[in-house]
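Engineer: Requesting a structural model of the entry that follows:
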Amino acid sequence: MTAVSILRLCESGRLRWICSSSSIFTAGLMFLITGCGGGGDAVHRVPVAGTVKMDGQPLESAEVSLYAEGEARVSTTDKDGCFQIPGGAQALKYMVVVSKFEGVGTVKLDSAAGMDAGQLQAMQMADGSGKTASAIAKQLVPEKYSSREKSELTVVVPLEGTQSADFDLKSN
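Structural biologist: Residues are numbered from 1 along each chain as shown. Just a heads-up that it's a prediction; the model follows:
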């Protein structure tokens, strides 16, 4: 039975259940073809990786934060100063903040759990010792790189992503 035959039978009132079944089938097929959830609302992220050095030496255990309008991504450098943004980032221009603390005691930075440098300082202030965050942990990266308000670092993430988001910081 062709679609034209079914259409004629539907118009004549015969085989009303075929019309209903074919309508349901067509609606289901359209749903599968177009997908669900609003179509183009998904955020497209691309791989972003690089290295951080200070005075030419790899900066181990530094937090690398990327900030753009409506987007913030964080990673931590390894022993070679390399980082990779978990889940990637959108193809945008980002302001970059790099921070590393010395003397953080038992409270450690956990970027995988979403902890940033500000949260680390707050936790350290609440450690019960009565010491301020600056007495517990010392920022090793100059403010022109480690402050969100003053950072001079930027990176443009291209549509294909990048493996060379590299930063060579100067300690003075």
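Engineer: so where is the chain shaky, pLDDT-wise?
Structural biologist: 1-41, 104-136 (pLDDT under 70).
Engineer: hey, where'd the helices end up in it?
Structural biologist: 3-11, 16-34, 117-125, 133-136, 143-146 (DSSP state H).
Engineer: what about stretch 66-79, start to end distance?
Structural biologist: 20 Å (CA to CA, to the nearest Å).
Engineer: Return the alpha-carbon coordinates of stretch 147-164 using PDB.
Structural biologist: Provided in PDB are the C-alpha atoms of stretch 147-164 (Å, rounded to 0.1, in the frame of the first residue of the first chain):
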ATOM      1  CA  SER A 147      44.900  39.100  39.700                       C
ATOM      2  CA  ARG A 148      41.700  38.900  37.700                       C
ATOM      3  CA  GLU A 149      41.500  42.700  37.900                       C
ATOM      4  CA  LYS A 150      45.100  43.300  36.700                       C
ATOM      5  CA  SER A 151      46.100  40.300  34.500                       C
ATOM      6  CA  GLU A 152      47.900  41.300  31.300                       C
ATOM      7  CA  LEU A 153      47.600  37.800  29.900                       C
ATOM      8  CA  THR A 154      45.200  36.800  27.100                       C
ATOM      9  CA  VAL A 155      44.700  33.900  24.800                       C
ATOM     10  CA  VAL A 156      42.600  33.600  21.700                       C
ATOM     11  CA  VAL A 157      41.200  30.100  21.300                       C
ATOM     12  CA  PRO A 158      40.700  29.300  17.600                       C
ATOM     13  CA  LEU A 159      37.800  27.200  16.300                       C
ATOM     14  CA  GLU A 160      40.100  24.100  16.000                       C
ATOM     15  CA  GLY A 161      41.400  24.600  19.500                       C
ATOM     16  CA  THR A 162      45.100  25.000  20.500                       C
ATOM     17  CA  GLN A 163      47.900  23.100  22.100                       C
ATOM     18  CA  SER A 164      50.100  26.200  22.400                       C
END
